[in-house]
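S.K.: sequence and predicted model, in that order:
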Amino acid sequence: MLNIAICDDEQIICNDILTRLHKINPTFLVDIFNSGEKLLLTDLKYDIIFLDIEMSGMNGMDVAEKIMQRNKKIYIIFLTSHSEFMQNAFKVRAFRFLTKPICEADFTESVSQAEKELLKFKKLFVTSNYETNIINKEQIVYIEAFGDGSFVYTTNKVYESNKSLKYWENELDNEHFFRVHKSFLIALRYIENTHENLLTLQYYNEAIPISRRNMKEFKKCFLDYIKNYARYI
């Protein structure tokens with residue numbers, strides 16, 4: 001579930017974006033602001049902000065600059081009728097730039113890609129009989145089954161978990177993780193090398209087996225991942 005703000009001084013545009021968002025996912029939480037000044041009065045705990053550049057009062061560029069000073073993790077998608085603003089938009093780390101009238105395909109792509117990137121920062125609870133730790137999803141390198149529980153190998157530490165490998169497989173999206181073997185679930189982003197039916201991952205020297213029945217699907221999944229996420233690996 002994403003928290004999204006729409007900031008545009010044209011109510012018809014706000015309503016149009018709201019409709020498009022709820023068409024993609026009815027669970028999105030959406031707030032509407034008709035000026036940059038009103039948006040900046042909030043605590044800015046949004047995942048995505050659709051921000052019009054040409055507003056009366058404070059313009060979108062100035063609003064974006066102040067937003068980034070307070071929360072650099074927000075994904076800003078600029079809206080404008082004039083493409084010449086695009087160069088300045090990227091100076092304030094805009095995620096996307098949509099021209100009006102808004103193209104349906106471009107709109108859907110921008111929301112989908114922002115959602116995928118935000119998932120990298122999802123918080124997870126790793127609980128054992130002794131303690132509970134909170135980690136980021138992107139920290140997970142691989143998970144190994146161990147009896148009824150598992151070991152969670154991260155970029156800086158190994159955690160014992162009382163959750164099964166099947167639990168983690170359901171908890172983690174299959175676009176970034178793949179179960180290569182009945183005992184191993186690996187993060188595709190950390191693959192360092194593959195050779196025949198073995199792979200190695202960054203941060204750890206252990207050779208992890210790829211089961212014969214999963215080999216074909218693994219190769220396809222890994223190639224798709226490289227195509228889609230090469231710039232983030």
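M.R.: Everything's here; your move.
S.K.: check which element follows the helix or strand of the chain with the lowest mean pLDDT along the chain.
M.R.: Ranked by mean pLDDT, DSSP states H and E, the weakest helix or strand in the chain is helix 86-91, scoring a mean of 57. Next along the chain after helix 86-91, taking DSSP states H and E as the criterion, comes strand 96-99.
S.K.: how about the helices in this protein?
M.R.: Ranges of helices in the chain, per DSSP state H, are 11-24, 36-40, 60-70, 86-91, 104-119, 165-171, 215-229.
S.K.: of all those helices, which lies closest to Tyr130?
M.R.: helix 165-171 (18.3 Å; CB to CB). Every residue, glycine included, has its C-beta placed from N, CA and C.
S.K.: flag the shaky bits of this protein, pLDDT-wise.
M.R.: Regions of the chain meeting the criterion pLDDT under 70 cover residues 82-93, 120-121, 228-233.
S.K.: one step back: could you dump the helices of the chain into TSV and include mean neighbour count and distance to Pro209?
M.R.: Shown next, in TSV, are those (neighbours: other CB atoms under 10 Å; distance: least, CB to CB, whole Å):
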stretch	mean neighbour count	distance to Pro209
helix 11-24	15	39
helix 36-40	18	52
helix 60-70	18	45
helix 86-91	13	44
helix 104-119	15	27
helix 165-171	15	14
helix 215-229	14	10
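S.K.: CSV for those, including distance to His195?
M.R.: What follows is the helices of the chain, written out as CSV (distance: least, CB to CB, whole Å):
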stretch, distance to His195
helix 11-24, 41
helix 36-40, 52
helix 60-70, 44
helix 86-91, 41
helix 104-119, 29
helix 165-171, 24
helix 215-229, 12
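S.K.: which stretch among those helices comes nearest Ile134?
M.R.: Each of the helices of the chain has some distance to Ile134 by CB to CB; the shortest is helix 165-171, at 13.8 Å.
S.K.: I'd like to know which elements the closest one is packed against.
M.R.: strand 140-146, strand 149-154, strand 177-181, strand 184-187 (3 or more CB pairs under 8 Å, 6 or more residues apart in numbering; DSSP states H and E).
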